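Chemist: build me a model from this:
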Amino acid sequence: MHILRIEHSISDYDGWKKAFDSDPVGREKSGVRRYRILRPVDDGKYIMIDLEFDTEHQAEALLAAIRMVWGRVQGTIMTEPRARIVEVLETKAY
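Modeler: Numbering: from 1, shown residues only. This next block holds a predicted model:
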């Protein structure tokens, strides 16, 4: 499994979530199996999103599409986006 981890500052969670839910890049059609939205407990203006994929190629393709969207919304609903593709090596549940 591969995860595209996205992080950025936001100005307003409700406005950001509305844009996220509009799904301008077509997450499901791009191979996203599931996603998680995380927020630091000490910073309500920062968001982390984990998008899970079966393959690295799917994650890379969606990241390219997301970067185009960032070019249109940077400075409005979000700022300073960062992304990294990681591979899950091991998980264990207790």
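
Chemist: remind me which residues of the protein are low pLDDT?
Modeler: Residue ranges of the chain with pLDDT under 70: 74.

Chemist: just confirm I10 contacts Y46, I think it does.
Modeler: Yes: distance between I10 and Y46: 7.1 Å, which falls inside the contact criterion (C-beta atoms under 8 Å). Quick note: C-beta positions are derived from backbone N, CA and C, even for glycine.

Chemist: these two: which has the busier surroundings?
Modeler: Here I10 and Y46 are compared on neighbour count by other C-beta atoms under 10 Å; more neighbours surround I10, at 19 against 15.

Chemist: what does the more buried one show for phi and psi?
Modeler: Dihedral pair for I10: phi -130, psi 160, per degrees, to the nearest 10.

Chemist: now swap in D42 and tell me
Modeler: Residue torsions, per degrees, to the nearest 10, at D42 are phi -110, psi 10.

Chemist: how far away is it from I6?
Modeler: In this structure, D42 lies at 19 Å from I6, with C-beta to C-beta, to the nearest Å as the measure.

Chemist: quick one: which of those two has more around it?
Modeler: The residue with the greater number of neighbours, taking D42 and I6 and applying other C-beta under 10 Å, is I6; the counts read 21 against 6.
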